[in-house]
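# Take this sequence and fold it.
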Amino acid sequence: MAFTSPPIDILPRHGVLIGGRRGEGGGQVHAHIYPATGAVTRELRLADANDVDEAVRAARAAHPAWRALPGDKRRDMMFRAAALLEQAMGDLAQLSVIENGSIMRAAPFVAMDAAQKFRYFGGWADKIQGLTVPTWGAAAHDYVSYEPCGVVGAILPWNGPLFAATMVLAPALAAGNCVVVKAPELAPWSVLRLGELLAEAGFPAGVVTVVAGGGDVGAAMVAHPGIDKIQFVGSGATAKAVLKNAADTLKPCGLELGGKSAVIVFADADMKEAARRGLSGGVSANGQGCVNGTRLLVERAIYEPYVAMLGAMAGHVVAGDPFDQTTMLGPVISDGSLQRIMAVVDAAKASGARVVSGGERIGGDCAGGYFLPLTILADVGPDDAAAREEIFGPVLTVTPFDSEEEAIALANGNDYGLGGYIHTSDLRRAHHVAARIDAGQIQVNASGEAMTPCVPFGGMKQSGYGRLGGEAGLHEFLRIKNVYVNLTQPMVAA
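This is a model prediction of the structure:
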């Protein structure tokens with residue numbers, strides 16, 4: 001059966017959206033590849049450093065008026081944006097499928113989430129309040145105020161560009177910042193369309209600018225003296241380059257990076273539910289989600305039955321045409337990514353891992369794209385590369401443990417600290433283990449429900465720092481100012 005032809009006519013035709021201008025960038029022509037077939041969708045002329053300059057000038061020109069706009073006006077504009085995002089949900093879902101192979105049965109929820117972020121943070125726009133501070137010594141009035149950072153540069157990943165864009169834009173705009181957004185060249189379409197929708201919602205020219213580009217554009221943004229803060233979402237390797245670049249201007253950076261999140265399954269868990277949710281780490285975002293639970297740690301008493309149940313369930317995970325509503329798993333982003341993932345799987349097999357499902361590239365109707373079936377590797381040692389490194393594909397590893405303390409040690413035994421998942425019916429154990437895991441977001445008997453706009457999201461260790469979401473996410477884009485007013489009577493000359 002032939003794959004559905006993607007609706008190319010809905011793809012944006014411009015590579016930059018700056019100050020109300022939609023046009024080509026000044027950089028190289030990039031041929032976007034649809035990962036499901038390996039075919040070119042459309043060529044796009046990307047931005048360059050000159051476009052970054054123009055975007056920053058537009059943002060700095062717009063910032064004084066945007067910052068001064070009363071909170072209720074920003075709130076109402078963000079609510080209008082939320083309504084437009086809901087109206088455009090169908091197009092945004094299709095763009096998400098085309099740009100990175102997201103599956104259609106999940107893509108509309110990303111567009112709905114985008115609208116929710118603008119509603120949630122729109123509600124904060126008129127509630128940014130300071131506080132007074134009682135002092136001692138001389139009579140004084142001391143207060144703290146919160147002000148926008150200024151111009152924020154948002155550098156986004158290809159695996160969830162719309163999700164990441166709204167995760168940054170909604171709080172940054174509510175706080176009174178202007179934002180220069182870099183859409184990823186591998187998956188630019190949904191972010192470019194988002195920029196159009198924000199303009200339609202009435203955001204003044206320059207408040208949000210979008211430049212599609214690669215690493216050179218990101219580097220130009222980080223180095224630019226007119227950008228006051230960088231919010232980077234991506235890999236740890238790139239984050240290190242971002243920090244080195246930002247050091248020249250002492251620019252603050254928020255980092256939301258990768259993960260190798262552990263899923264701890266205790267013997268008292270609902271095994272069928274824990275297996276179903278355990279599989280989700282290899283399926284969600286086609287296995288390319290930073291917070292996906294991909295390292296399954298299972299109590300030895302139920303280890304073999306759990307592994308068998310995983311294998312049986314994996315057989316029902318349908319990979320194929322992302323536009324088909326029955327498809328549960330789409331392609332990875334590129335052939336290079338697929339080859340890298342396969343090398344990790346082959347190395348794990350050579351080290352003694354047991355292949356429970358998958359493990360070989362999918363042929364047939366999927367042969368033209370970058371498809372790997374849901375791959376489960378059991379008996380993976382905690383020091384094996386497959387259990388320590390972020391694979392970023394539909395691959396799960398399974399490792400047994402014998403005690404609660406061993407499970408905690410295994411969960412904390414790598415360099416990442418983004419997410420953690422615990423399956424148990426013991427409330428004491430749930431709280432105890434959650435408190436001991438070094439990760440920014442812990443989910444108990446869950447596998448994704450916590451990713452809502454009202455809660456803080458971010459990592460520890462090499463998964464980054466700073467938080468996006470919730471009140472903490474709003475404060476990431478606010479600066480603190482303290483004002484001290486001396487109230488003592490001036491001395492009168494004799």
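
# Next, count neighbours for residue 245.
Summarising burial for residue 245: neighbours were counted as other CB atoms under 10 Å, giving 18. C-beta coordinates here come from the backbone N, C-alpha and C atoms, glycine included.

# show me what contacts it?
For residue 245, the residues meeting the contact criterion (CB atoms under 8 Å, 6 or more residues apart in numbering) are 219, 222, 223.

# Then residue 57?
Neighbouring residues of residue 57 by CB under 8 Å, 6+ apart: residue 226.

# Residue 66 reaches residue 205, doesn't it?
No: with contact defined as CB atoms under 8 Å, residue 66 and residue 205 do not form a contacting pair (10.5 Å).

# Just the residues contacting the helix or strand of the chain with the lowest mean pLDDT, thanks.
Lowest mean confidence among the helices and strands of the chain (mean pLDDT, DSSP states H and E): strand 21-23, at a mean of 91. By CB under 8 Å, 6+ apart, the list of residues contacting strand 21-23 from outside reads 14, 15, 16, 196.

# Out of those residues, name the ones that lie in helices.
In helices, judged by DSSP state H, the following of these are found: residue 196.

# sorry, back to before: how about the least confident helix or strand of the chain: buried residues?
Buried residues in strand 21-23, defined by neighbour count with 16 or more other CB atoms under 10 Å: residue 22.

# right, and the helix or strand after it?
Helices and strands here follow DSSP states H and E; after strand 21-23, the next one along the chain is strand 29-34.

# Can you list the strands that that following strand pairs with?
For strand 29-34, the paired strands and their directions (DSSP bridges) are strand 39-45 (antiparallel).

# Contacts made by the strand it pairs with with the rest, please.
Taking contacts as CB under 8 Å, 6+ apart, the residues outside strand 39-45 that touch it are 6, 8, 11, 13, 15, 24-34, 98, 185, 188, 212, 368.

# Now, of the residues you listed, which are buried?
With burial judged by 16+ other CB under 10 Å, the buried subset of the contacts of strand 39-45 is 6, 11, 15, 25-27, 30, 32-34, 98, 185, 188, 212.

# Can I get those in JSON lines including pLDDT and distance to residue 54?
Output for these, formatted as JSON lines (pLDDT from 0 to 100; distance: CB to CB, whole Å):
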{"residue": "6", "pLDDT": "94", "distance to residue 54": "31"}
{"residue": "11", "pLDDT": "96", "distance to residue 54": "23"}
{"residue": "15", "pLDDT": "94", "distance to residue 54": "13"}
{"residue": "25", "pLDDT": "96", "distance to residue 54": "10"}
{"residue": "26", "pLDDT": "96", "distance to residue 54": "9"}
{"residue": "27", "pLDDT": "97", "distance to residue 54": "13"}
{"residue": "30", "pLDDT": "97", "distance to residue 54": "19"}
{"residue": "32", "pLDDT": "97", "distance to residue 54": "23"}
{"residue": "33", "pLDDT": "98", "distance to residue 54": "28"}
{"residue": "34", "pLDDT": "98", "distance to residue 54": "30"}
{"residue": "98", "pLDDT": "98", "distance to residue 54": "28"}
{"residue": "185", "pLDDT": "97", "distance to residue 54": "18"}
{"residue": "188", "pLDDT": "98", "distance to residue 54": "18"}
{"residue": "212", "pLDDT": "98", "distance to residue 54": "14"}
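
# Now tabulate these in CSV and tack on distance to residue 414.
CSV is the format used below for these (distance: CB to CB, whole Å):
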residue, distance to residue 414
6, 37
11, 39
15, 38
25, 39
26, 42
27, 37
30, 34
32, 34
33, 32
34, 34
98, 34
185, 30
188, 32
212, 34
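
# about what we covered before: tell me which entries of the contacts of residue 245 lie within helices.
Among the contacts of residue 245, the members falling in helices are 219, 222, 223 (criterion: DSSP H).

# Where neighbours are concerned, which of those residues has the most?
Among these, residue 222 has the most neighbours (other CB under 10 Å), with 25 neighbours.

# so what's it closest to, chain neighbours aside?
Distances taken as CB to CB, 6 or more residues apart in numbering put residue 245 closest to residue 222, at 4.3 Å, once the chain neighbours are dropped.

# Please identify the helix or strand for that neighbour.
Judged by DSSP H and E, residue 245 forms part of helix 236-246.

# Show me what counts as buried in that helix.
Taking 16+ other CB under 10 Å as the neighbour-count basis, helix 236-246 is seen to contain the buried residues 236, 238, 239, 242, 245, 246.

# What is the subsequent helix or strand relative to that helix?
Next in sequence after helix 236-246, counting helices and strands by DSSP H and E, comes strand 253-256.

# List the pairing partners of that following strand within its sheet, with orientation.
Sheet neighbours of strand 253-256, with direction, are listed as strand 229-233 (parallel), strand 464-465 (antiparallel) (DSSP bridges).

# Against residue 142, how distant is the nearest residue to residue 138 once chain neighbours are set aside?
Distances taken as CB to CB, 6+ apart place residue 488 nearest to residue 138, at 4.9 Å, with adjacent residues excluded. Relative to residue 142, residue 488 is positioned 13 Å away (criterion: CB to CB, to the nearest Å).

# Looking at residue 66 and residue 205, which is more packed in?
Neighbour count, other CB under 10 Å: between residue 66 and residue 205, residue 66 has more, with 21 against 16.

# residues in contact with the more buried one?
For residue 66, the contacting residues are 74, 176, 177, 178, 204, 207, by CB under 8 Å, 6+ apart.

# how about 6 Å then?
The neighbourhood of residue 66, defined by CB atoms under 6 Å, 6 or more residues apart in numbering, consists of 178, 207.

# Near residue 3, how many residues? Count them for me, please.
With neighbours defined by other CB under 10 Å, the count for residue 3 comes to 19.

# Tell me which helix or strand it sits in.
With the criterion set as DSSP H and E, no secondary-structure element contains residue 3; it sits in neither a helix nor a strand.

# Name the helix or strand for residue 90, please.
Residue 90 belongs to helix 89-100 when assigned by DSSP H and E.

# got the angle for the next helix or strand after that helix vs helix 89-100?
Later in the chain than helix 89-100, the nearest helix or strand by DSSP H and E is helix 107-122. With axes from the mean of the first three to the mean of the last three CA atoms, to 10 degrees defining the directions, helix 107-122 sits at 110 degrees from helix 89-100.

# Name the residues that touch helix 107-122?
By CB under 6 Å, 6+ apart, helix 107-122 touches 75, 78-79, 81-82, 85-86, 89, 92-93, 96-97, 162-163, 166, 170-171, 174, 453-454.

# Now distance to residue 231 and pLDDT too, for the contacts of residue 245, in JSON lines please.
Supplementary listing: these in JSON lines, determined by distance: CB to CB, whole Å; pLDDT from 0 to 100:
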{"residue": "219", "distance to residue 231": "15", "pLDDT": "98"}
{"residue": "222", "distance to residue 231": "11", "pLDDT": "98"}
{"residue": "223", "distance to residue 231": "16", "pLDDT": "98"}
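
# Which of the residues you listed sits closest to residue 437?
Sorting the contacts of residue 245 by how near they are to residue 437, with CB to CB, puts residue 222 at the top with 31.7 Å.

# Show the contacting residues for that closest one.
Contacts for residue 222 were tallied using CB under 6 Å, 6+ apart; they are 230, 242, 245, 246.

# Let me have those in JSON lines, adding pLDDT as columns.
As requested, the contacts of residue 222 are exported to JSON lines (pLDDT from 0 to 100):
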{"residue": "230", "pLDDT": "98"}
{"residue": "242", "pLDDT": "97"}
{"residue": "245", "pLDDT": "97"}
{"residue": "246", "pLDDT": "97"}
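
# No more questions from me, cheers.
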